[in-house]
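Student: Have a look; sequence and predicted model below, questions after that.
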2 protein chains.
Amino acid sequence: MSENFSRAEILLKRLQSFDYLRGLDGETLRRLANASSWKVYAPEAVIFWEGDVESNLFYLQYGSLKALKSSPDGRKQVLRFINAGEIFNEMGALAHRPNPATAIALEESGVWLIPRHALEEIVSTHPRTAMQIIENMADKIIELVTLAADLSLKTVEARLATLLLEQAEGDVIKRRRWTNQIELAARLGTVPDVLSRVIRDLTKAGLIEIDRQQIRIIDRGGLLARAKPEEKP
Amino acid sequence: MSENFSRAEILLKRLQSFDYLRGLDGETLRRLANASSWKVYAPEAVIFWEGDVESNLFYLQYGSLKALKSSPDGRKQVLRFINAGEIFNEMGALAHRPNPATAIALEESGVWLIPRHALEEIVSTHPRTAMQIIENMADKIIELVTLAADLSLKTVEARLATLLLEQAEGDVIKRRRWTNQIELAARLGTVPDVLSRVIRDLTKAGLIEIDRQQIRIIDRGGLLARAKPEEKP
DNA sequence: TGGTTTACCCGACAAAAGTCGGGGCGCAAA
DNA sequence: TTTGCGCCCCGACTTTTGTCGGGTAAACCA
């Protein structure tokens, strides 16, 4: 497995520059890298299903994924996007819980699978890493709390406006292959038709411009106003 | 402060029977108890506000609380109820993050405030406890994922049916002072009027009975059917 | 090159959720 | 005992969201 060995070397380098594991010594990282395995997923491939008990911790080296839940009638709610450099499935790896969501690759994605036992060993010997994991989970809780509140309290228009303002670098959002209205709608918790309508309204109001390559914010202030529900005392 | 001292003795006893801290030795627990302070909140009192940076970990000895987010127009989304024996604010205490939600007492509630430094010391010396905390946070993530998906994918009727089935002991749910339609609506992410309508429908359909003291499930099967969105291929 | 697929668009409609005005009942303070 | 308040109920209306049927245009492929 010289193929896998050299890959492990790559992972080792990655791990060393990896915030999540800051403070671990070289020997520990090396053992972690050697115990891990490597897997590549094609676009649309399923990494794991909701309800699966999956005991590896995943580290996404390149590519991007989505975590979603779907209902029997086919609607989907994307809970978060996972980008290169992030880890996922603390659920299964650390807490022995069945995963609450399904993970699907948006593009070709390379993933390291770090086995539970190696991880638990580290947690029990490196409290600093345990704290990193706790902080990471705290951030996820914050995101989920925000998502739940937004779904409950904001309109689709407000959620879209918020998302655009968050995602924009400068005033534009580059559209990737999967930044289409279907994925966007799933992210916002609605359906493509409704999203299309809202985009039309925002475009007509002169707040945004959209074409095949990008979304451009024209009127930041106006968009910001639509991102918040109305005051009403 | 002999008052506080004897209270610390009480806390010590509690802590000893506390899953969350299983595996800690007596001396450690004693120091933890002595470092902590005690506070009682009246009904409707605010323990902390969304956005506050609050560095204590809270342990609810008796009473009950709700964690919620509210929008400028006055609507509220309850994220979870906190019952006696649970801890909260891992956010602020362990991850140094501003709290994402507001905590409010539903009834008179007695709370222990465990200071951050004492806790961090334990996490760094007792990996078993760190794992407990991680598992606890994983459970919260699972609950929030479920909440977000339900808000997005299910109707108010389905959410109410699910809640009733979950909360029922046997076939009845005892109504406490705060199990009124206002709180219930905030929990389900809707408004009292809509909830009232749904309750009327379920009652007319012979699935539940409701009076001032309790809610009784008449037809478990029928309720279960309404708890799920329709299949539709 | 033509045919198929994919993403997007749109108007009209249906369903779900939210709002409004009004009214009733029981309990408790004045 | 009256008055006021909290909680709940209800019908009618509006807004928001989801659905349906049908359409166009660019991209992709054999």
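Tutor: On my side now, so go ahead.
Student: I'd guessed A:Ser64 sits against A:Glu107; true?
Tutor: Yes. The criterion here is C-beta atoms under 8 Å, and A:Ser64 meets it with A:Glu107 at 5.9 Å. Where you see a C-beta, it was placed from the backbone N, CA and C, and this is true even at glycine.
Student: Looking at these two, which is more packed in?
Tutor: A:Ser64 (18 against 15; other C-beta atoms under 10 Å in any protein chain shown).
Student: With DNA strand C as the reference, measure out to the more buried one.
Tutor: Distance, A:Ser64 to DNA strand C, by C-beta to the nearest atom of the strand, to the nearest Å: 15 Å.
Student: Spell out which residues are contacts of both of A:Ser64 and A:Glu107.
Tutor: Shared contacts of A:Ser64 and A:Glu107 (C-beta atoms under 8 Å, 6 or more residues apart in numbering or on different chains): A:Trp178.
Student: and chain A, which of its residues are near DNA strand D?
Tutor: A:Asp73, A:Arg75, A:Thr155, A:Val156, A:Glu157, A:Gly189, A:Thr190, A:Val191, A:Asp193, A:Val194, A:Arg197, A:Arg212 (C-beta under 7 Å from any atom of the strand).
Student: switch to 10 Å and redo it
Tutor: A:71, A:73-75, A:77, A:151, A:153-160, A:177, A:185, A:188-198, A:212-213, A:229-230 (C-beta under 10 Å from any atom of the strand).
Student: restrict the residues you listed to contacts with chain B.
Tutor: Here is what survives when the residues of chain A next to DNA strand D are matched to chain B using C-beta under 8 Å from any C-beta of the partner chain: A:Ser71, A:Asp73, A:Gly74, A:Arg75, A:Gln77, A:Leu151, A:Leu153, A:Lys154, A:Gly189, A:Pro229, A:Glu230.
Student: Make sure A:Ala227 is actually in contact with A:Thr162.
Tutor: Yes. If you go by C-beta under 8 Å, A:Ala227 and A:Thr162 touch, sitting 4.5 Å apart.
Student: low pLDDT regions in chain A?
Tutor: For chain A, the stretches with pLDDT under 70 are A:1-8, A:11, A:15-17, A:19, A:22, A:231-233.
Student: max-length helix in it?
Tutor: Longest helix in chain A, counting residues (DSSP state H): helix A:127-153.
Student: Check whether that one comes near DNA strand C.
Tutor: Yes. Using C-beta under 10 Å from any atom of the strand, helix A:127-153 reaches DNA strand C at A:Ser152, A:Leu153.
Student: again with stretch A:196-212
Tutor: Yes. For stretch A:196-212, a contact with DNA strand C is found by C-beta under 10 Å from any atom of the strand, at A:Ser196, A:Arg197, A:Val198, A:Ile199, A:Arg200, A:Asp201, A:Thr203, A:Lys204, A:Ile210, A:Asp211, A:Arg212.
Student: Just the buried residues out of these, in PyMOL syntax.
Tutor: To isolate the buried subset of the residues of stretch A:196-212 next to DNA strand C in PyMOL, counting by 16 or more other C-beta atoms under 10 Å in any protein chain shown, use the following:
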select buried, chain A and resi 198+199+210
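Student: From the residues of stretch A:196-212 next to DNA strand C, which land in helices?
Tutor: Counting by DSSP H, the residues of stretch A:196-212 next to DNA strand C place A:Ser196, A:Arg197, A:Val198, A:Ile199, A:Arg200, A:Asp201, A:Thr203, A:Lys204 in helices.
Student: on that earlier part again, which residues sit against the next helix or strand after the longest helix of chain A?
Tutor: As assigned by DSSP states H and E, the chain's next helix or strand after helix A:127-153 is helix A:156-167. For helix A:156-167, the surrounding residues in contact (C-beta under 8 Å, 6+ apart) are A:150-151, A:154, A:173, A:184, A:187-190, A:194-195, A:198-199, A:201-202, A:208, A:215, A:217, A:220, A:223-224, A:226-229.
Student: a helix runs through A:Trp38, doesn't it?
Tutor: No. A:Trp38: not assigned to a helix; according to DSSP: H, G, I helix; E, B strand; the rest coil it is strand.
Student: what about it, how many neighbours?
Tutor: Residues near A:Trp38, counting by other C-beta under 10 Å: 15.
Student: And for A:Val40?
Tutor: A:Val40: 13 surrounding residues under other C-beta under 10 Å.
Student: What about the closest residue in space to it that isn't next to it in sequence, how many residues nearby?
Tutor: Spatial nearest neighbour of A:Val40, chain neighbours left out: A:Gly110 (5.1 Å); criterion: C-beta to C-beta, 6 or more residues apart in numbering or on different chains. For A:Gly110, the count of nearby residues is 17 (other C-beta under 10 Å).
Student: Hmm, A:Gly110 is touching A:Trp38, no?
Tutor: Yes. Contact criterion C-beta under 8 Å: A:Gly110 and A:Trp38 qualify, at 7.1 Å.
Student: mind listing the strands for chain A?
Tutor: Taking DSSP state E as the test, the strands found in chain A are A:37-41, A:46-48, A:57-62, A:64-70, A:76-83, A:87-88, A:102-105, A:109-114, A:172-174, A:208-210, A:214-217.
Student: Dump these into CSV; add distance to B:Ile87 as well.
Tutor: Shown next, in CSV, are the strands of chain A (distance: least, C-beta to C-beta, whole Å):
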stretch, distance to B:Ile87
strand A:37-41, 36
strand A:46-48, 30
strand A:57-62, 25
strand A:64-70, 26
strand A:76-83, 25
strand A:87-88, 25
strand A:102-105, 29
strand A:109-114, 29
strand A:172-174, 40
strand A:208-210, 44
strand A:214-217, 42
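Student: so what's the closest residue in space to A:Gln61 that isn't next to it in sequence bridging to?
Tutor: Distance criterion C-beta to C-beta, 6+ apart; nearest residue to A:Gln61, sequence neighbours excluded, is A:Gly110 at 4.6 Å. According to DSSP bridges, the partner residues bridging A:Gly110 are A:Val40, A:Tyr62.
Student: Thank you kindly, that will do.
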